[in-house]
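Student: okay, sequence plus prediction incoming.
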Amino acid sequence: MGMRAVMKITSTILALIVLLVACGDNKQPTDATLRAGLVGTWNVKVIGADGSSDTHGTFTVMSDDGYRSELVTVVSNESRPVTLQGFIRVQDGFLIETTTNAIPHWLPEAKRGTLPPGGTVSRSKIVRLDEHQFVIETNQFGSVLYTR
C-alpha cells in the first residue's frame, strides 16, 4: 500500500471520528431545562458521607420559582421537623436556594430565631436530573437524593 493510500485511509478515519464525536449526545442540559425539570414534588433523602441518612421529607418546587421543604431529621432518637420556604434558580448547573423562612417545629416559638433580611443562600451542584431522580452534592450535607 502506498503512502498516498495510507494518508487517504487515515484522513477518512479521522473524518469519521470527528463526525461521531460531533454527533454524539454529549450535550449538557441547559439551566432552563434543568429548572423546568424541577417543578413538582420530590421525596427527599439526605445521604451522609458514610451512606447513612437521618433526614427525609418532601421538596416542592412551584413554576414561579418558589419552593417549600418539609423535612424531618432524627437526632438522638428525637424527630425534628422543619419547614423551609424560599426561592430557587439554576445557574451554571448549580441549584441556588434562597431560604426566606425556616420554621423548626420542635423548638418553642420564642427560641426559633429569624433569618437575616433577604434570607440565606445555598449553592449545590446538580449531579443528575431526570423525570424520576434528582441528585445534588452539597458541602454541608453530602449527597441529597430526590425521587418521585
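Tutor: Right, received. Where do you want to start? Numbering: from 1, shown residues only.

Student: pretty sure P29 sits in a strand.
Tutor: No: assigned with DSSP: H, G, I helix; E, B strand; the rest coil, P29 falls outside any strand and is coil.

Student: okay, now it: neighbour count?
Tutor: Burial of P29 is recorded as 15 neighbouring residues (other Cβ atoms under 10 Å). Every C-beta, even on glycine, is put in place using the N, C-alpha and C of the backbone.

Student: got phi/psi on it?
Tutor: phi -60, psi 150 (degrees, to the nearest 10).

Student: mind listing what it touches?
Tutor: Neighbour list for P29: 37, 129 [criterion: Cβ atoms under 8 Å, 6 or more residues apart in numbering].

Student: in the chain, which strand is the longest?
Tutor: Counting by DSSP state E, the longest strand found in the chain is strand 78-91.

Student: which other helices and strands contact that strand?
Tutor: On a contact count with 3 or more Cβ pairs under 8 Å, 6 or more residues apart in numbering; DSSP states H and E, strand 78-91 meets helix 31-38, strand 66-75, strand 94-104.

Student: give me the angle between the longest one and strand 66-75.
Tutor: For strand 94-104 against strand 66-75, the angle between stretch directions is 60 degrees (axes from the mean of the first three to the mean of the last three Cα atoms, to 10 degrees).
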